[in-house]
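> what's the 3D shape of this:
(chains A and B)
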Amino acid sequence: MLGLNRKDAILLLIVAVLALFAPFILNPFPVDSALAQFNAGYPDLMQRFVIFGIFAIGFNILFGLTGYLSFGHAAFLGVGSYSAVWMFKLLSMNVLPALVFSVVIAGLFALVIGYVSLRRSGIYFSILTLAFAQMSFNLAYSVLTPITNGETGLQLALTDPRILDSAQVGGSLPVTSLFGAEMRSAMTLDLAGWSFTFSVGYYLCAIIMLIAFYLSVRLFRSPFGLMLRAIKSNQQRLNYTGLESRPYTLAAFVISGMYAGLAGGLLASMDPLAGADRMQWTASGEVVLMTILGGAGTLIGPVLGAGFIKYFENIFSKINESILHQWFAFLPDGVQDFIVMILYPFIGKGWSLTLGIMFMLVVIFLPGGLVEGGQRIARLFRRTKTTDGDVVSTKTKPAE
Amino acid sequence: MSNSRFTRRGLLKSGTLAGVGLAMPTIFTSRANAFTNDPTGGTVTLGFNVPQTGAYADEGADELRAFELAVEHLNGGGDGGMLSTFSSKALQGNGILGKKVQFVTGDTQTKSDAARASAQSMIQKDGAIMISGGSSSGVAVAVQGLCQEAGVIFMAGLTHSNDTTGKDRKANGFRHFFNAYMSAAALAPVLKGLYGSDRAAYHLTADYTWGWTQEESIAAATEAIGWSTINKVRTPLGLGDYSSYIAPVLNSGADVLILNHYGGDMVNSLTNAVQFGIRDRQANGKNFEIVVPLYSELMARGAGQNIKGIPGSQNWDWKLQDDGTKAFVKSFGTKFGFPPSQAAQTCYAQTLLYADAVTRAGTFNPCGVVEALEGFEFDGLGNGKTLYRAEDHQCFKDVIVVRGKENPENEFDLVEIVEVTPVGQVTYAPDHPMFAGGALGACNPGA
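Numbers count the residues shown, from 1 in each chain, chains lettered A, B, ... in the order given. The predicted structure follows:
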């Protein structure tokens, strides 16, 4: 189907089903239950899941295929966001021109940075990209304030020209839309205690993510992808065979920068604000974590990793002390306080601590990331089913 | 590598799937509400969005304590705190409009992105009807913008930049805290009294929006009392060591160093300046002085000995002697064991002001609340007589000028009040050039 082999088609189908039914899957608990705290099926977070999924998919094209570890990918995300918001300010509230513009600008930006950075490989490449990203961040934060609005972040204003949207809505800021379909409009389905929200913005993001995912699958399976893998396994040998590898790495870098720009543009389309801290080195580090946590070089891994990290950031950070006390209210006072005291450092403001521990566990015990975890579990089941004789290959396949 | 075979069967399969996917959202109808997050049950949810990690985590933790206390008092718990001294008697201690107040918390990380994500989740997931908190102007402006778009009320916490109620003012956003202009207007006469009118100032400024507006305000105010400005140097944010910026100050011809820094930056730059012996030096035949325009107890604690004798301004201090302050300090102290910071006071006051406005308006509808708050005059929340000005949603009240105490009695008694500058002296026109360029727009009830 669609030029994919059976395995990839099934993977794409799984991702599509997951993405389209995410509002159900992420809201497994009834609204009034205590566990509703863990529901993640509200539009903003779902949008973040898929947008950072796109970001990680793009990063994976560079890191997973060529092995070049870029520590400055957030710069492209930020550039994409700024471009999109400027399009909203100057041209129209339609997200389409904004997305196209953000991809193009991020691509050009990646071309310039890639051209310089790719003269080096390994750690030097990482340091160069990190330096460029930090430079972009500082520029956006202070020097380029007329363009970026500095620390406050670029926002829409009532006085923006918006030359295509002539009719200005009196008094309130216009909202982003796709040919009239407002990004923030949503429908809610109430089913016996459960509540599911379907928002236009999320479905647009999900469809774009599916397209991005499909393109990345095609890229992984293409001769170009194979060349990138060759670069990862031994660039020197490749050079000795007379092949010039730089155009390939540069192309991969630019493609991955464009993915990041698309993600940035989508972020701005869902919520028209572009802040400088989107470009900070911590944001660049985050996408590295996402990719490694999910499984570098695998197709679905980065998406899983992105979801995992965003879930922790948004759900765990909101559990506070009083919620913990509610959970353990059935225990005697002393025991309750004791348990809350032990758990408290790991939730709420300690969410990054928990995430750090998870990351360490994954890296130590599952070097292939969450995908390897899934594979191990799948293998466990397959082995128990075919105990009599049927030889199942137990040797680990290289993660793809 | 790739096998591009479009079979009829494949096409049918994928076509059907895509069709079902697209048709999916049209099956459901949207819920019709008069405004975003209309509380329907017996409870109402407020969202408190504060920095729990990062540079301002201390302020955030104190704000959270204040919110917790405010909710307790609104629900009729505790000793009622400032409810009894508040000039408006609409609040009965039975929640808001009879609905029990619940709250959710989030971490802004002092990043506009994270703050907006966290506020979004409160609005979309938890059904929060009001968002409050924040400890930096960038975050406040970002979240205020979001609340305007989403159609909920934003009651700003600690944000000092002129922009929050200046060029980035929004109809759904309200600020109780004072701003850089007010700091400057209150400080200038005191500085004149302390150091005379013939001084040369050297600015070190945190290189972002808040730093700039403060530098602009202070420079304008000090020049008005006859000081000259020698130089304005921008320093990057979060620098550990300011020595390279302090050294040129010594022989620049300036005799006053103004530090437009906040939080950890201010602690570091002040410590560096004192270590360089600036305060023991003479320049132009006068003692070299240091001024820190925006002060807080938490920063004073961080700077320790170095803060002694250094003047600055505050929104509020727990040592004020009015009834509101006394009642608040008492209930805060009883619950947590130490006096509240100004960040805590502003957040507590904002929560009460919101609840009161809803009660007076008789509705949770943001537009009703905006109407109730605009031009609202009140007293008894610790700052004396205060006005919520309708034109820019900024509170106008007395500003306190403080200086580091020479002989503190304990770790909470680090500053002494030099003067309480009356509100008339810090009031400005809504279209003052430092605040121009913004428009409130119309209130947005969402939905």
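> is the helix ranked longest in chain B anywhere near chain A?
If you go by DSSP state H, chain B has its longest helix at helix B:342-361. No. When contact is scored as Cβ under 8 Å from any Cβ of the partner chain, no part of helix B:342-361 falls within range of chain A; the minimum is 15.3 Å. Placement of C-beta: from N, CA and C, glycine included.
> got the angle for the very next helix or strand once past that helix vs helix B:342-361?
Following helix B:342-361 in sequence order, the next helix or strand is helix B:366-373 (DSSP states H and E). Counting by axes from the mean of the first three to the mean of the last three Cα atoms, to 10 degrees, helix B:366-373 lies at 110 degrees to helix B:342-361.
> in its sheet, what does whichever helix or strand comes after helix B:366-373 sit against?
Of the helices and strands lying after helix B:366-373 in sequence (DSSP H and E), the nearest is strand B:376-378. With DSSP bridges as the test, strand B:376-378 is paired with strand B:386-388 (antiparallel).
> by contact count, what packs against the next helix or strand after the strand it pairs with?
The helix or strand immediately downstream of strand B:386-388 is strand B:395-396, counting by DSSP H and E. Contacts defined by 3 or more Cβ pairs under 8 Å, 6 or more residues apart in numbering or on different chains; DSSP states H and E place strand B:395-396 against strand B:386-388.
> now the strand it packs on: mean pLDDT?
Strand B:386-388 comes out with an average pLDDT of 93.
> so how far is B:Glu63 from the residue most central in space within chain B?
Residue closest to the mean C-alpha point of chain B, counted by Cα atoms, centre = their mean, is B:Leu158 at 1.7 Å. Distance of B:Leu158 to B:Glu63, given as Cβ to Cβ, to the nearest Å: 7 Å.
> that older thread, show me what contacts the residue nearest to the centre of chain B?
B:Leu158 makes contacts with B:59, B:63, B:134-136, B:177, B:342-343, B:346-347, as judged by Cβ atoms under 8 Å, 6 or more residues apart in numbering or on different chains.
> quick one: low-confidence parts of chain A?
Chain A contains residues with pLDDT under 70 at A:1, A:166-171, A:384-400.
> then the stretch 1-150 of chain B?
In the stretch 1-150 of chain B, residues with pLDDT under 70: B:1-8, B:10-34.
> all helices for it, in order.
Taking DSSP state H, counting those that start in this stretch, the helices of the stretch 1-150 of chain B run over residues B:8-23, B:57-74, B:112-124, B:137-150.
> show me what residue of the stretch 251-400 of chain B gets nearest to chain A.
Proximity to chain A, evaluated over the stretch 251-400 of chain B using Cβ to the nearest Cβ, is greatest for B:Cys367 at 11.4 Å.
> which residues touch that residue?
B:35, B:443, B:445.
> so what's the most centrally placed residue in chain A closest to, chain neighbours aside?
Centroid-nearest residue in chain A, with Cα atoms, centre = their mean: A:Phe52, separated by 1.6 Å. Of all residues not flanking A:Phe52 in the chain, A:Ala306 sits nearest, at 3.9 Å (Cβ to Cβ, 6 or more residues apart in numbering or on different chains).
> check contacts around that neighbour.
Contacts for A:Ala306 (Cβ under 8 Å, 6+ apart) come out as A:49, A:52-53, A:55-56, A:287, A:290, A:294.
> now the helix or strand where it lies against helix B:112-124, angle please.
Element membership of A:Ala306 [criterion: DSSP H and E] is helix A:301-314. If you take the same axes, to 10 degrees, helix A:301-314 sits at 70 degrees to helix B:112-124.
> other SSEs contacting whichever helix or strand comes after helix A:301-314?
Going down the chain from helix A:301-314, the next helix or strand is helix A:321-327, by DSSP H and E. Under the contact criterion of 3+ Cβ pairs under 8 Å, 6+ apart, helix A:321-327 touches helix A:333-343.
> restrict the helix it packs on to CA atoms and write it as CSV.
Only the C-alpha atoms of helix A:333-343 are listed here, as CSV (Å, rounded to 0.1, in the frame of the first residue of the first chain):
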residue,chain,number,x,y,z
ASP,A,333,-2.5,10.3,59.4
GLY,A,334,1.1,9.4,60.3
VAL,A,335,1.4,6.8,57.5
GLN,A,336,-0.3,9.1,55.0
ASP,A,337,2.2,12.0,55.8
PHE,A,338,5.1,9.5,55.5
ILE,A,339,4.1,8.2,52.1
VAL,A,340,3.4,11.7,50.8
MET,A,341,6.8,12.8,52.1
ILE,A,342,8.5,10.0,50.2
LEU,A,343,6.6,10.5,47.0
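> quick one: contacts for B:Cys147?
Residues in contact with B:Cys147 (Cβ under 8 Å, 6+ apart) are B:119, B:123, B:131, B:153-154, B:170, B:172-173.
> hey, where'd the helices end up in the stretch 151-300 of chain B?
B:180-195, B:209-224, B:243-250, B:264-275, B:297-303.
> ok now the third one, how far from the chain's centre?
Put plainly, it is helix B:243-250. 30 Å (Cα atoms, centre = their mean, to the nearest Å).
> ok, back up a step: for A:Leu65, see how far away the residue nearest to A:Phe52 is.
18 Å.
> same deal with B:Thr346?
In this view, B:Thr346 and A:Leu65 are 52 Å apart by Cβ to Cβ.
> just want the residue of the stretch 201-350 of chain B that's nearest chain A.
Per Cβ to the nearest Cβ, B:Tyr208 is where the stretch 201-350 of chain B lies closest to chain A, at 3.8 Å.
> which non-adjacent residue is nearest that residue?
A:Glu151 (3.8 Å).
> quick one on the thing from earlier: which one, of the helices of the stretch 151-300 of chain B, ends up nearest to A:Ile14?
Evaluated over the helices of the stretch 151-300 of chain B, closeness to A:Ile14 peaks at helix B:209-224, with 45.6 Å, by Cβ to Cβ.
> I'd like to check the angle between that closest one and helix B:180-195, please.
40 degrees.
> quick check: residues of the stretch 201-350 of chain B near chain A?
The stretch 201-350 of chain B comes close to chain A at residues B:207-210, B:234, B:236-237, as judged by Cβ under 8 Å from any Cβ.
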